[in-house]
Every structure is written in structure tokens, then in C-alpha cells.
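>>> Below is the sequence, then the predicted model.
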Amino acid sequence: MDTRGVSLMFCLLLLAHGTLQQNVSKKRNGKKDAATNAAIEELKKQINDIVLELNLLKEQQALQTVCLRGTKILGKCFLADPVKKTYHAASDDCIAKGGSLSTPLNGDENDQLYSYVRQSVGPEEHIWLGINDMVTDGQWVDQSGSAVRFKNWETEITLQPDGGRGQNCAILSTTANGKWFDESCRAVKASVCEFNIV
């Protein structure tokens, strides 16, 4: 073979060797890329978990702030709002804060709510309760639509509820020692939002 043939053969061998080295390198890099991609995905998952945990902590801190500004009664935090609003506006405000209008579940809770309202809103004020009979007159339900089990209607003087179709929302009265009355939902009253903490 002449020198040109040897040179050509040498170049072909070098080219084949270089191509083989690149393929081996790509395979190694492919394994490295897969490992890198897996590590990146794991880091993304860890970051998402941290963000979720951080949001939960922020929510718990916000709830603790509510409890500090308001009061804690039987596994709930209550926060008074003395600004008088219609039932629907007061309910919407509580929902926007992450709670609902207060709905006592038993006599003890009602008594403690009554005391809190007297101290925070005033001794002669009424607050909206998260109770209404808008759907069916006489069937009082809470804001989730469940039938109200505990009731504290004023029955000694006025035989509440007595408003018929014109009074479909419930209030707690501080002037009647925490007894309930039915009221027009368009009236303006103070309110207390409740937040479950258990």
C-alpha cells in the first residue's frame, strides 16, 4: 500500500475509534443524565413537600393569631366583629377568613359565647348565629345544611322562633342572657366567626 492508502486507512481507523468513544461517552452521559433527572425530580418533590408544610404552618399560625385576638371555647376559636352587617355579608366575611358564623353546639358553648359577646361586642348587642330556616320555614339548619340539634330559643316571653317567613336567620341576644331569636336576614347585626382547631 502506498502512503496515501495507509494514511487513508489510518484516518478511517481514527474516525471509527472517535465515533466509538463518543458512543461510549454518550451511554455514560445517558446514565448520568438519568441519575441527574431523577435527583432533580426528587428535589422538586422535596420542595413541594416543604411548601405544603410551610403553608400548613402559616395556616396554624394564622389560627393561633385568631385565638389570641379572640377567644378559645371547646376546641374552637371565636373572633368577634362588632361591625354591623346583614346575615349574608357577615357569613361571607367569616368564610373569607376561613371560618363560619358561630353556631353553639351545646349549652356550655352557648353560655361562653354569650359571655364573650358581652365583653367584646357589648352588653346590649345581638350577633348573627350560623343558623337559618331559609330553605324550609321552621326547619333550622346550620351553614352546612345540617339540622340544628342544640337550640336555645327564647320561649318564656315571646315563644321564639315566631317570625314565620319574614325572619329566617337566628341571633344570639345578650339582653336576653344568650337566648336566640329569629330575625330578618336583612337586618344588620354584629357577628362572631368560629374556627375549628381540632
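Arrived safely, thanks for sending. What you see is a predicted model; the values in this text were computed from it and never measured.
>>> Could I get the full set of strands for this protein?
71-73, 76-85, 100-101, 126-132, 141-142, 169-173, 180-183, 189-196 (DSSP state E).
>>> Just tell me which of these ends up closest to residue 43.
Closest of the strands of the chain to residue 43 is strand 189-196, at 34.9 Å (criterion: Cβ to Cβ). Backbone N, C-alpha and C define where each C-beta goes, glycine included.
>>> The closest one: which residues count as buried?
Going by neighbour count (16 or more other Cβ atoms under 10 Å), the buried part of strand 189-196 is 189, 190, 191, 192, 193, 194, 195.
>>> out of these, who's nearest residue 98?
residue 195 (6.4 Å).
>>> Return the residues in contact with that closest one.
Residues in contact with residue 195 (Cβ atoms under 8 Å, 6 or more residues apart in numbering) are 63, 66, 67, 76, 77, 78, 79, 97, 98, 99.
>>> What of residue 185?
Per Cβ under 8 Å, 6+ apart, neighbours of residue 185: 86, 87, 88, 132, 134, 168, 169.
>>> Generate a PyMOL selection restricted to the buried entries among these.
This is how PyMOL selects the buried members of the contacts of residue 185, with burial counted by 16+ other Cβ under 10 Å:
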select buried, resi 86+87+132+168+169
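>>> In helices, which of the contacts of residue 185 fall?
87, 88 (DSSP state H).
>>> could you redo the contacts of residue 185 as TSV and give each row pLDDT and distance to residue 34?
Shown next, in TSV, are those (pLDDT from 0 to 100; distance: Cβ to Cβ, whole Å):
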residue	pLDDT	distance to residue 34
86	98	61
87	98	60
88	97	57
132	95	60
134	93	60
168	94	64
169	96	62
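>>> Same list, the contacts of residue 185, but as TSV with distance to residue 113 please.
Shown next, in TSV, are these (distance: Cβ to Cβ, whole Å):
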residue	distance to residue 113
86	20
87	17
88	21
132	17
134	22
168	21
169	16
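>>> which of the contacts of residue 185 lies closest to residue 49?
residue 88 (38.7 Å).
>>> that older thread, and the contacts of residue 195, which is closest to residue 179?
For those, the nearest to residue 179 is residue 78 (18.3 Å; Cβ to Cβ).
>>> In contact with the closest one, which residues?
Counted by Cβ under 8 Å, 6+ apart, residue 78 has contacts 70, 71, 72, 102, 113, 116, 192, 193, 194, 195.
>>> give me that answer again for 10 Å
66-67, 70-72, 99, 102, 109, 112-113, 116-117, 120, 192-195 (Cβ atoms under 10 Å, 6 or more residues apart in numbering).
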